[in-house]
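1. Sequence and predicted structure, then a few things I'm wondering about:
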Amino acid sequence: MKTIRLTMAQALVRFLDNQYVERDGERTKFVHGVFSIFGHGNVVGLGEALVEMDHGLTLYQGHNEQGMAHAATAFAKQKNRMQICVATSSIGPGALNMVTAAATATVNRIPVLLLPGDAFACRQPDPVLQQIEHRTDPNVTANDAFKPVSAYWDRVVRPDQLMTAARNAMRTLTSPAETGAVTLCLPQDVQAEAWDYPESFFEPFTWRIERTPPAETSLADVVEAIAAAKKPIVIAGGGVRYSGAGAALAAFCETTGIPFAETQAGKGTVAWDHPLNLGGIGVTGGLAANRIAAGADLVLAVGTRLGDFTTASKSAFANPEASIVAVNVNSFDANKMAAAPLVCDARLALEALTARLGARSYRADYGGELRAIQDEWKREVDRLYADGAAGSAPASGTAGPLSQTRVLGMLNEELLPAGAVVVGSSGSIPGDMQRLWRTRIPDSYHMEYGFSCMGYEISGAFGARLAEPDREVFAMTGDGSYIMLHSELVTAVREGVRFVVFVFDNSGYQCIDNLQTSQGISSYATYFRTRDAAGRLNGPTPIFDFAANARAYGASVWSVRTEEELRSAVAEALRAAGPAVIDVKVSDKSMTGGYESWWRVGVPEVSSSPQVVEASAEMKAQIAKARPY
């Protein structure tokens, strides 16, 4: 057996550079590049390999470990999980900064490889700088924090262990059912230790992403269940997108007359104006989908985790006779809510169901009900886009006259180019966009809403633009999320990568203020207010100039308060050489409402506020109406 002597880090780089995936006969290089912030825990080991070796991986210098890992996640999401990036950090705080990003990727079922540096395996210099010492278990380091948020976790404490660790990492990353964040912890000393690796370890290897076909017995059961239903509904989740099943979904619905609703991850796989598209469903859904779901007698959930926002805390399917069928490549997800599981690839399932139900000439029995509710919902979206749901500006006058929904309407209907990718994650914007955004081109709606991670938006837009350099990318972020994490603007400036960030500045965390006050609690600590004379956070609202902040980093910037300023800013931003930031002052309380949905939250049973006690009683009444599991 021929061998080559390399350090563990050098072997890892060479291995990653030779990994490929293949699906439906199309072969793709799997690892595009590496995001890194070098520190003492990785610069002389993995860093040496990345700098000195001849390889085809693009190295991106990040500026915040969480941000660069978000960018890597967004890259893979925009590539529909067919290509990934890696993120590496030093030990201790650098590594722990990536834990939130690991959770974001795993919750959303997006592959990302994290390579945090680790404490010395030999323990000779312990405790090293930034090492956490566990008093009863010296094998525990800060990187153990990645275990609950990783789809696969390993610590490579000998250079020869890399061979099994790397293969297991790739197995997980390329699995449609099991993918998520993969964490390989790399002790500083082991990164630099050499071993005689077999040359076969570095030969180009192709991981075939096979489509799991539906089992005959389960498929037959699902066909019978749908055939017996009069008013079924399809929920299209992220699995539809990642399976490339948009056309199969449209054909299934057209053949059967069954309407479909969209989750955040599944939105946009079929254009918004398809006659059977009901739009977003659940807590952040719209009137059409929520009303049809309430009366449905069967729910066909395709490629969705059935999270609480999609199911409205299991209250969306109000018909007590409604049954649930779950099509999912992951058996864990397919068995949620006591569903009848069909564990298989989404596209293959939809194609098989279309053929069998078409042979029976099955048609759902909605009559004119669908068109009536769709027309009603379209009028409501048109109203919000045209007039907005403007609230009142805070007393300080920091907010602008534009409503949030009016700005979204202008962007969606008038200002953004065809095929533009919009990226969002947290605050009130994801709800407004799932309800209102009219997707026209596949893969143009990029929403991280499994974790609703504040700070994903700007990093995500950067990663999405790297994934699709020929498409314009726009980040939709609130002021709170911008403040929390915008460091990858610096990376984008240095790389000369253009994407446009819209900062919706309403002077606070207003979606949380809505939640707070809706449960009878006094509005407090959700607006960005200073302290008053009594020491309470009820003083004036400071004026934040986000455009000035972004200008300091080298981004092109605009401050917007009027429609004409917005039109001009977007046109100029699309000519910018690098990242652009448009600071839009919007009026507070100008987001959308719930549209016949409900969300379970923990309201205190005992409180000095009678409004809180009343809200608790109302919550209990709603819980009694929801499905128990």
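-> Now that the structure is in, tell me what you want to look at. All values reported here derive from a predicted model rather than from experimental measurement.

2. how distant is the helix or strand of the chain with the lowest mean pLDDT from the center of its chain?
-> Every helix and strand of the chain was ranked by mean pLDDT, DSSP states H and E. The lowest is helix 510-518, at a mean of 93. In terms of Cα atoms, centre = their mean, to the nearest Å, the centre of helix 510-518 is found 22 Å from the chain centre.

3. Which positions in that helix come out as buried?
-> 510-511, 513-514, 516 (16 or more other Cβ atoms under 10 Å). Quick note: C-beta positions are derived from backbone N, CA and C, even for glycine.

4. wait, which of the residues you listed is closest to Gln78?
-> Top of the list for closeness to Gln78, among the buried residues of helix 510-518 and by Cβ to Cβ, is Cys511 at 25.2 Å.

5. Next, count neighbours for the spatially closest residue to that closest one that is not a sequence neighbour.
-> Closest residue in space to Cys511, ignoring its immediate chain neighbours: Ser428 at 3.8 Å, by Cβ to Cβ, 6 or more residues apart in numbering. The tally of other residues near Ser428 (other Cβ atoms under 10 Å) stands at 23.

6. Gly593 is in contact with Ser428, correct?
-> No: between Ser428 and Gly593 there is no contact under Cβ atoms under 8 Å: 10.7 Å.

7. how far away is Ala261 from Asp308?
-> To Asp308, Ala261 is 16 Å away according to Cβ to Cβ, to the nearest Å.

8. So if I had to pick from these two, which one is more boxed in?
-> Ranked by neighbour count (other Cβ under 10 Å), Ala261 and Asp308 place Ala261 first, with 28 against 17.

9. Which strand residues bridge that one?
-> Beta-bridge pairing of Ala261 under DSSP bridges involves Ile235.

10. Just list the residues touching it, thanks.
-> By Cβ atoms under 8 Å, 6 or more residues apart in numbering, Ala261 lies in contact with 233-236, 278-281, 285, 289, 292-293.

11. Then Ser556?
-> Neighbour list for Ser556: 572-573, 576-581 [criterion: Cβ under 8 Å, 6+ apart].

12. okay, it: pLDDT?
-> Note for Ser556: predicted pLDDT of 98.

13. Kindly list the main-chain dihedrals of it?
-> Main-chain torsions, Ser556, degrees, to the nearest 10: phi -80, psi 140.

14. Give me the residue at the spatial middle of this structure.
-> Centroid check for the chain by Cα atoms, centre = their mean gives Glu448 as the closest residue, at 1.9 Å.

15. pLDDT value on the residue nearest to that residue when sequence neighbours are not counted, please?
-> Take Glu448 and drop its neighbours on the chain: the residue closest to it by Cβ to Cβ, 6+ apart is Ser425, 4.3 Å away. You'll see Ser425 listed with a pLDDT of 97.

16. how much space is there between Ser425 and Gly62?
-> With distances taken as Cβ to Cβ, Ser425 is found 18 Å from Gly62.

17. And for Glu262?
-> For Glu262, the distance to Gly62 (Cβ to Cβ) stands at 32 Å.

18. ok, these two, which is more surrounded?
-> Between Glu262 and Gly62, counting by other Cβ under 10 Å, Glu262 is the more crowded of the two (31 against 26).

19. need the contact list for the residue nearest to Thr304 when sequence neighbours are not counted.
-> Nearest residue to Thr304 in three dimensions, chain neighbours excluded: Gly237, at 2.6 Å (Cβ to Cβ, 6+ apart). Shown in contact with Gly237 (Cβ under 8 Å, 6+ apart): 263, 265-266, 301-305, 310.
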